[in-house]
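K.L.:
my questions concern the predicted model and sequence given below.
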Amino acid sequence: MRIGVNVGHFTGRPPRDLVGKVRALDDAGFASLWFAEAYGSDVFTPLAFCAAHTSRIRLGAAVAQIPARTPAATAMTATTLDHLSEGRVVLGLGASGPQVSEGWHGVPYARPLARTREYVEIVRRVLARREPVAYDGEFFRLPADPDGLGKPLRSSLHPYREALPVHLGAEGPRNVALAAEIADGWAAMFFAPAFDDFYRAALDEGFARRPGGRPAGFEVVATVPVVIDDDVERAADRIRPELALYMGGMGARGANFHHDVFVRMGHGAVAERVQELYLAGRKDDAAAAVPTAVVEQIALIGPVGKVRRDLDRWESTVVDEIAIQGLPDDVAVVASLL
C-alpha cells in the first residue's frame, strides 16, 4: 500500500513553513502530494510551488474543478506543470457540486457525468497534440465560431508526456464507473473497506464498457483521515467536525453527495440527524452526533499499533494508494506507516 499526503485546499491562509513540510515528505519517501480546491485557494498554484521545492514525489490535483476552467485551459496548465516538474503530475478532475459550480463559477451543473465525459475527451486531445482540436459536443464546441473567425488549434507546447494520467474524483457508483471507463484512475473520498465489493462492482461496470477492459496502470487513490493518538476518542474528535461539515453542511438538503455516501453505507439515521443539526447552525452538536464507529470506517485513528493493524483492512481492497488527509503533525511518526 503506497502512502501519500493530500494537503487539500487552504482555509484562512496557507500552512506555515509549507516548504519545510513538503521537503520533509519528499525526503521521507512518501509516494505523492495532492492539493484540492473549493472556493478559495486554487489547486495548481500550490502544485507548482511544491514542484520547485521537491524532486521525487508525485504531484496531483485531487481534484481540479471542471466548471472552473475550460478543458483547454486545464490541459495547458497540466502539461506546463508536467514539464516543470519533469513528469510528476497527475491530473485529477471533478464536477464539484451545484453550490460551487453555479454559485461560485456561474456554470450550470446539469448532467455532470455527460459534461465530464466531453471535458476529459477534449483534455486528452489537447495533451496528445496529434492534431488541431475540433470538437462538436453538447456542452463544449471548439471552435465556438459565433462569427466565423475561430479555427481548430494545436498546442504550441509539446507534451512532456502524451499519456499524462487523468483521474476522476467520484463518490456515487455511476461516477465511479465513469472513472473506470474513461480515466486512468479514481480519486476516492470517504472510502470504507467494508464496502469494497460495492466499489469493485462499480469499477467493473466501467471497465466492461471500455475497449480492452481495465487498462494497465489504472489506480485508485483514496484520501483518508489519519490521526495518531493514544486516545481513540480524542483522535475521533479531530475528525468529527469535518465529517459533520461534509455529511450535513455541503450542498442543500436533498442535494449533498457526501451525505448520500453515508446513507449508502447504512448510516441514514446518523446522516439525517447530523444534517438537521448542521443546517440549524448547531455545528458542535452535529459533530458530536457522529459516532466513533462511523469515523473508524473511513479513517485511521488511534495509537500507531492500532493504525497499522487497521491499515491491513485496506490491503485487500481496490485501493492502491492512501493519501493521508492534511499535512501530518509529525512526519516521522506517519512515515513509520510506509
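P.N.:
Good, I have the coordinates.
K.L.:
going forward, measure contacts between C-alpha atoms and count neighbours the same way
P.N.:
Fine.
K.L.:
where in the chain is the helix or strand with the lowest mean pLDDT?
P.N.:
Using mean pLDDT, DSSP states H and E, helix 331-335 stands out as the lowest-scoring helix or strand of the chain, at a mean of 87.
K.L.:
is it fair to say Gly305 lies in a helix?
P.N.:
Yes - under DSSP: H, G, I helix; E, B strand; the rest coil, Gly305 sits within a helix.
K.L.:
show the pLDDT at it.
P.N.:
Model confidence at Gly305, given as pLDDT, is 94.
K.L.:
tally up the residues packed near it, please.
P.N.:
12 (other Cα atoms under 10 Å).
K.L.:
quick one: it and Glu296, what's the gap?
P.N.:
Distance, Gly305 to Glu296, using Cα to Cα, to the nearest Å: 15 Å.
K.L.:
tell me which residues touch Asp231, please.
P.N.:
The contact partners of Asp231, by Cα atoms under 8 Å, 6 or more residues apart in numbering, come to Gly302, Pro303.
K.L.:
for it, phi and psi?
P.N.:
Phi and psi for Asp231, reported as degrees, to the nearest 10, are phi -100, psi 110.
K.L.:
quick check: it vs Arg309, distance?
P.N.:
16 Å.
K.L.:
OK, contacts around the residue nearest the centre of the chain?
P.N.:
By Cα atoms, centre = their mean, the chain has its centre lying nearest to Ala62, at 3.2 Å. By Cα under 8 Å, 6+ apart, the contact set of Ala62 is Asn6, Gly8, Trp34, Phe35, Ala36, Leu91, Gly92, Leu93, Gly169, Ala187.
K.L.:
if I look at the fifth one, how far off is Pro152?
P.N.:
Distance of Ala36 to Pro152, computed by Cα to Cα: 31 Å.
K.L.:
one more: the third one?
P.N.:
Distance, Trp34 to Pro152, by Cα to Cα: 33 Å.
K.L.:
those two: which is more packed in?
P.N.:
Just comparing Trp34 and Pro152: by other Cα under 10 Å the higher neighbour count belongs to Trp34, 30 against 13.
K.L.:
and the more buried one, that one's in a helix?
P.N.:
No - the assignment for Trp34 (three-state DSSP) gives strand, which keeps it out of a helix.
K.L.:
mind listing the residues bridging to it?
P.N.:
Beta bridges link Trp34 to Asn6, Gly60, judged by DSSP bridges.
K.L.:
nearest to Thr45, of the contacts of Ala62?
P.N.:
Phe35 (9.4 Å; Cα to Cα).
K.L.:
make sure that closest one is actually in contact with His9.
P.N.:
Yes - using Cα atoms under 8 Å, Phe35 is in contact with His9, at 6.1 Å.
K.L.:
what do those two both touch?
P.N.:
Val43.
K.L.:
looking at the two, which has the bigger crowd around it?
P.N.:
For Phe35 versus His9, the count of surrounding residues by other Cα under 10 Å is larger for Phe35: 26 against 22.
K.L.:
and that one, how far from Ala192?
P.N.:
The gap separating Phe35 from Ala192 is 21 Å, by Cα to Cα.
K.L.:
what does Gln65 give?
P.N.:
Distance of Gln65 to Ala192, given as Cα to Cα: 24 Å.
K.L.:
same question for Leu168.
P.N.:
18 Å.
K.L.:
pull the number of nearby residues for the closest residue to Thr292 other than its chain neighbours.
P.N.:
Spatial nearest neighbour of Thr292, excluding adjacent residues (Cα to Cα, 6 or more residues apart in numbering): Ala236 at 6.1 Å. Using other Cα under 10 Å, Ala236 has 25 other residues around it.
K.L.:
ok, residues contacting the helix or strand hosting Ala236?
P.N.:
Element membership of Ala236, judged by DSSP states H and E, is helix 232-244. The contact list for helix 232-244 (Cα under 8 Å, 6+ apart) reads 225, 227-229, 274-275, 278, 283-284, 286-288, 290, 292, 295-296, 301-303.
K.L.:
now do stretch 249-265
P.N.:
By Cα under 8 Å, 6+ apart, stretch 249-265 touches 97-99, 171-172, 190, 195, 246-248, 268-269, 271, 275, 278-279.
K.L.:
so where's the stretch 151-300 of the chain shaky on pLDDT?
P.N.:
Regions of the stretch 151-300 of the chain meeting the criterion pLDDT under 70 cover residues 252.
K.L.:
can you give me the helices for it?
P.N.:
Taking DSSP state H, counting those that start in this stretch, the helices of the stretch 151-300 of the chain run over residues 173-182, 196-209, 232-244, 257-264, 268-279, 283-288, 292-298.
K.L.:
make TSV from these and add distance to Gly137 to it.
P.N.:
Below are the helices of the stretch 151-300 of the chain laid out as TSV (distance: least, Cα to Cα, whole Å):
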stretch	distance to Gly137
helix 173-182	16
helix 196-209	20
helix 232-244	37
helix 257-264	26
helix 268-279	38
helix 283-288	43
helix 292-298	38
